[in-house]
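Okay, sequence plus prediction incoming.
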Amino acid sequence: MSLISCQGISKIYKMGEVEIKALNNVSVEISKSQSISFIGPSGSGKTTMLNLFGVLDKPTSGTLKVIGTDISKLNYVERAKFRGEHLGFIFQNFNLIPVLTVYENVEYPLIMVKSIPPKERKEKVLSLLDAVGMLDQKDKLINQISGGQKQRVAIARSLTTDPKIVLADEPTANLDHESAYKVMSLMKRLSREIGTTFIFSTHDPKIVKEVDITYTIEDGVLVNREERNN
C-alpha cells in the first residue's frame, strides 16, 4: 500500500469571482522510506501539494489518501488529530522557540502531544539530537547556533512523535549551499535509517540530487518524474 496515493486531484482557490487552479489533475504514489522533492517556480503548485499531503487542506476534486485515510472525509478536528499522530513539519524559518535550549525545543512536542514519562522522553530527545549531530549543542539557546544547526534541530523536533511522513516547504531556503547539502543528506539518511518518508519543495534543482525521486511541477501540472539510484 502506498503511503500517499492521490488520483486526479485538483485544487481550485476562489478570489472573488476569479478561480485559480493551483493543481490540475495530479496523480502521485509515494511509498515508505522515500525522500521526495517537488521542484518548480513560485506559484507552480508545489506548496499546495505539500499542504494537501500535510492534511492542512482538502482537494477540490480527485481522491487523496494519506496513510490509507481519505482526507476529504475528515473534519477540521479530525485533520488536526491526524497531523499530530502521523505527520511532522519542517519550516524554512525553523519556527524554533528562542527562549528554549536546543534540547528543550526538541522535547517540546513530546510534552504537548504525548504523555511520555520524563526518563523515556529524555532518552528520545538525546537519541534524536545524536542522530542529527547536535548532541554536543543541546544546552545552547537557539540564537547561539548557526542556521544550518537550527535546521538540524528543526529536523530532530519534527521526528519526536515518530511521524510516518515529514513535510518540508523550502527547508534549505535560508541556508548557504554547503549547509543545504548537509541538511539534504541528513534527511535522506534518516529516511533510510528510521523509515520516515521526507517530502519537500525547493526552487533549487542543484540540491535535489540527494533525494530518491523528483517531481517537476509547472502551472499546477506534473510535467516530469525523475528517479535516482543514489
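Looks like it arrived, so ask away. Numbering: from 1, shown residues only.

ok, and for the lengthiest helix in the chain, which residues are buried?
When the chain is parsed with DSSP state H, its longest helix is helix 177-194. Residues of helix 177-194 classed as buried by neighbour count (16 or more other CB atoms under 10 Å): 179-184, 186-188, 190-191. From N, CA and C alone the C-beta is placed, and that goes for glycine too.

Specify which member of those residues is nearest to residue 51.
residue 187 (19.4 Å; CB to CB).

Quick one, grab the pLDDT at residue 109.
If you check residue 109, the pLDDT there is 88.

doesn't residue 160 make contact with it?
Yes: taking contacts as CB atoms under 8 Å, residue 109 lies within contact range of residue 160: 4.6 Å.

When these two are compared, which one has more neighbours?
residue 160 (23 against 18; other CB atoms under 10 Å).

Can you list the helices and strands that the lowest-mean-pLDDT helix or strand in the chain packs against?
Using mean pLDDT, DSSP states H and E, the weakest-scoring helix or strand in the chain turns out to be helix 177-194, at a mean of 82. Other elements packing on helix 177-194 under the criterion 3 or more CB pairs under 8 Å, 6 or more residues apart in numbering; DSSP states H and E are strand 35-39, helix 118-131, helix 147-158, strand 197-202.

switch to 7 Å and redo it
Packing partners of helix 177-194 (3 or more CB pairs under 7 Å, 6 or more residues apart in numbering; DSSP states H and E): strand 35-39, helix 147-158, strand 197-202.

just so I know, which of these lies nearest residue 80?
helix 147-158 (16.7 Å).

Tell me which other helices or strands the closest one touches.
Counting by 3+ CB pairs under 7 Å, 6+ apart, helix 147-158 packs on strand 87-91, helix 102-113, helix 177-194.

Which positions in that helix come out as buried?
Buried residues in helix 147-158 (16+ other CB under 10 Å): 148-158.

Look at residue 114 and report its pLDDT.
66.

next one: the one 4 residues further on
In this prediction, residue 118 carries a pLDDT score of 88.

Tell me who's in contact with residue 215.
28, 38, 222, 225 (CB atoms under 7 Å, 6 or more residues apart in numbering).

Farthest pair within these?
38 and 225 (10.5 Å).

Centre-most residue in this protein?
By CA atoms, centre = their mean, the chain has its centre lying nearest to residue 167, at 1.2 Å.

What strand or helix carries it?
Residue 167 is part of strand 165-169, with elements assigned from DSSP states H and E.

Give me the contacts around that strand.
Counting by CB under 7 Å, 6+ apart, 3, 47, 50, 53-54, 86-92, 158-159, 196-201 sit against strand 165-169.

could you redo the last one with a cut-off of 6 Å?
47, 50, 53-54, 87-90, 158, 196-201 (CB atoms under 6 Å, 6 or more residues apart in numbering).

neighbouring strands for it, and are they parallel or not?
Here strand 165-169 has these sheet partners by DSSP bridges: strand 87-91 (parallel), strand 197-202 (parallel).

Quick one: the ones you listed as TSV, columns for distance to residue 23 and mean neighbour count too.
Listed next are those as TSV, based on distance: least, CB to CB, whole Å; neighbours: other CB atoms under 10 Å:
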stretch	distance to residue 23	mean neighbour count
strand 87-91	19	21
strand 197-202	13	25
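
Please tell me how far the residue nearest to residue 131 when sequence neighbours are not counted sits from residue 103.
Sequence neighbours aside, residue 190 is the residue nearest to residue 131 in space, at 6.6 Å (criterion: CB to CB, 6 or more residues apart in numbering). Distance, residue 190 to residue 103, by CB to CB, to the nearest Å: 19 Å.
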